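*Asks:* this one's structure only:
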């Protein structure tokens, strides 16, 4: 069976001595224990990572995260370069931005353990927010797991998934086909930092809800401000933008693991890292949105909900 790859930073790789499996195991165990999860989009990730393939790394990784150790599944070439370890939600190798691996070897249909696990908690919040009819925009959709699950839960709504990653854009239509959902439009490319609205804008029709999952901490802040700019244009008055992910609260991290990993992110690239809830809300207010509420979510995540002013 193909062995999974564990992607780690160069300095970590150099710190694992080749001759001594015992010392390498200890360092690997520390990595698996303390590094939080990260979903990194290919458009915003730097270089400098290597792939390690050793029995010790593979065994520790699979033992700690059995959902990712699926027989017969292997990684295909992807554009994302940063490791996903866990923040209580995800772990494992990254492919195409958010920890995705092919659903089957050689398939373009991607699977994300984190998306599989956070779909239901996100859905429970959306059930309290979704209108009875109208259009919903998904920004940074990922594999297609979220949009198809939500489309099934809200059959009277029409969903428009968007992405910037080519692997995800290939995966989304496969989920739409396999899940048999008729209320999901073809996936469109949308980059909030340089938006082209031609594929997602329909004259005379605005979106009622926009949702985005795990974007703000793994992209420059201009992606967050760009998100609100897009929402200002595309949402109807009173429409909601729902932003899910890990955030700081009142200037403080909500766990030691988040704090440690945020430091590593910023060391690698000072343009990325965990945002404070108030910082995101301020960006929304600057674009004409008002605070609605913040919902605490499992695994030290939050859902920030803001409403477009009338």
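*Replies:* That came in fine, so what should we check first? Quantities reported herein were computed from a predicted structural model and do not represent experimental measurements.

*Asks:* CA only for contacts and neighbour counts going forward, please
*Replies:* Noted.

*Asks:* Could you list every helix and strand in contact with the strand or helix carrying residue 294?
*Replies:* Secondary structure from DSSP states H and E places residue 294 in strand 289-297. Helices and strands touching strand 289-297, by 3 or more CA pairs under 8 Å, 6 or more residues apart in numbering; DSSP states H and E, are helix 277-286, strand 301-308.

*Asks:* where do the helices sit along the chain?
*Replies:* With DSSP state H as the definition, the chain shows helices at residue ranges 10-14, 21-34, 55-64, 113-126, 145-153, 166-179, 221-234, 256-268, 277-286.

*Asks:* Save those helices as JSON lines, and put in mean neighbour count, distance to residue 306 and mean pLDDT too.
*Replies:* What follows is the helices of the chain, written out as JSON lines (neighbours: other CA atoms under 10 Å; distance: least, CA to CA, whole Å; pLDDT from 0 to 100):
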{"stretch": "helix 10-14", "mean neighbour count": "13", "distance to residue 306": "39", "mean pLDDT": "32"}
{"stretch": "helix 21-34", "mean neighbour count": "16", "distance to residue 306": "32", "mean pLDDT": "40"}
{"stretch": "helix 55-64", "mean neighbour count": "16", "distance to residue 306": "37", "mean pLDDT": "33"}
{"stretch": "helix 113-126", "mean neighbour count": "16", "distance to residue 306": "13", "mean pLDDT": "96"}
{"stretch": "helix 145-153", "mean neighbour count": "20", "distance to residue 306": "20", "mean pLDDT": "98"}
{"stretch": "helix 166-179", "mean neighbour count": "19", "distance to residue 306": "27", "mean pLDDT": "97"}
{"stretch": "helix 221-234", "mean neighbour count": "21", "distance to residue 306": "10", "mean pLDDT": "97"}
{"stretch": "helix 256-268", "mean neighbour count": "17", "distance to residue 306": "24", "mean pLDDT": "90"}
{"stretch": "helix 277-286", "mean neighbour count": "18", "distance to residue 306": "7", "mean pLDDT": "98"}
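
*Asks:* Need those in TSV (columns: distance to residue 304).
*Replies:* Shown next, in TSV, are these (distance: least, CA to CA, whole Å):
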stretch	distance to residue 304
helix 10-14	34
helix 21-34	26
helix 55-64	30
helix 113-126	11
helix 145-153	17
helix 166-179	24
helix 221-234	12
helix 256-268	18
helix 277-286	7
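
*Asks:* So for residue 204, which of these sits nearest?
*Replies:* Nearest of those to residue 204, taken as CA to CA: helix 221-234 at 10.6 Å.

*Asks:* what angle do the closest one and helix 277-286 make?
*Replies:* Helix 221-234 and helix 277-286 meet at an angle of 40 degrees, taking axes from the mean of the first three to the mean of the last three CA atoms, to 10 degrees as the criterion.
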